[in-house]
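Peer 1: Coordinates for the following, if possible.
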Amino acid sequence: MIRVLILCTHNSARSQMAEALTREAARRLNFALDVHSAGTEATRVKDEARTVMQEVGLSLDAQTSKTLWDVPDAQNFDYVITVCDSAAEACPVYPGNTHRLHYPFTDPSGGSLERWRAVRGQLRVQFDAFVGALAEGQPVPASYEDSPAVPAL
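Peer 2: Here you go, the predicted model:
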């Protein structure tokens, strides 16, 4: 089974939403993935993230903010994807078999629910493309810019 880690700074918003969306994309495609999210620091899952994910039928209720070292087998991932620049800079070195990707997204924190929804939409497009490529045995998008039709904020 392919293991995926989505990493952000606080594991409170973007990485949490991306984790749920990636799991959902894999479920829709009947493709087995082991998906986790973490932060370089742990805080809490933001209420706005819970709200906008519930709007699309995905619950973050069982998810908690955690650090990389709270994730099972933290050094054994096929893909480590950072979704913010500071996490990309702080991301530890992984063994040679791990593919590191950087898909930066705007931090919706402090913004309106519309901003949160826009980021959720971008994450959905990006991680649908990622999972779709894996499921089809195709190369995954190397960067955010290489993904098809990611809507602007």
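Peer 1: Run a quick neighbour tally on residue 25.
Peer 2: Per other CB atoms under 10 Å, the neighbour tally for residue 25 reads 21. Just so you know, the C-beta spots here come from the backbone N, C-alpha and C atoms, and that holds for glycine as well.
Peer 1: tell me the phi and psi of the nearest residue to it once chain neighbours are set aside?
Peer 2: Leaving aside its chain neighbours, residue 25 sits nearest to residue 131 (3.9 Å; criterion: CB to CB, 6 or more residues apart in numbering). Per-residue torsions, residue 131: phi -70, psi -40 (degrees, to the nearest 10).
Peer 1: my read: residue 131 touches residue 27, true?
Peer 2: No - between residue 131 and residue 27 there is no contact under CB atoms under 8 Å: 9.5 Å.
Peer 1: Tell me the confidence at the residue nearest to residue 25?
Peer 2: pLDDT for residue 131: 97.
Peer 1: separation between it and residue 23?
Peer 2: With distances taken as CB to CB, to the nearest Å, residue 131 is found 9 Å from residue 23.
Peer 1: which neighbours do the two share?
Peer 2: Listed as contacting both residue 131 and residue 23 by CB atoms under 8 Å, 6 or more residues apart in numbering are residue 33.
Peer 1: Those two: which is more packed in?
Peer 2: Per other CB under 10 Å, whichever of residue 131 and residue 23 has more neighbours is residue 131, with 25 against 18.
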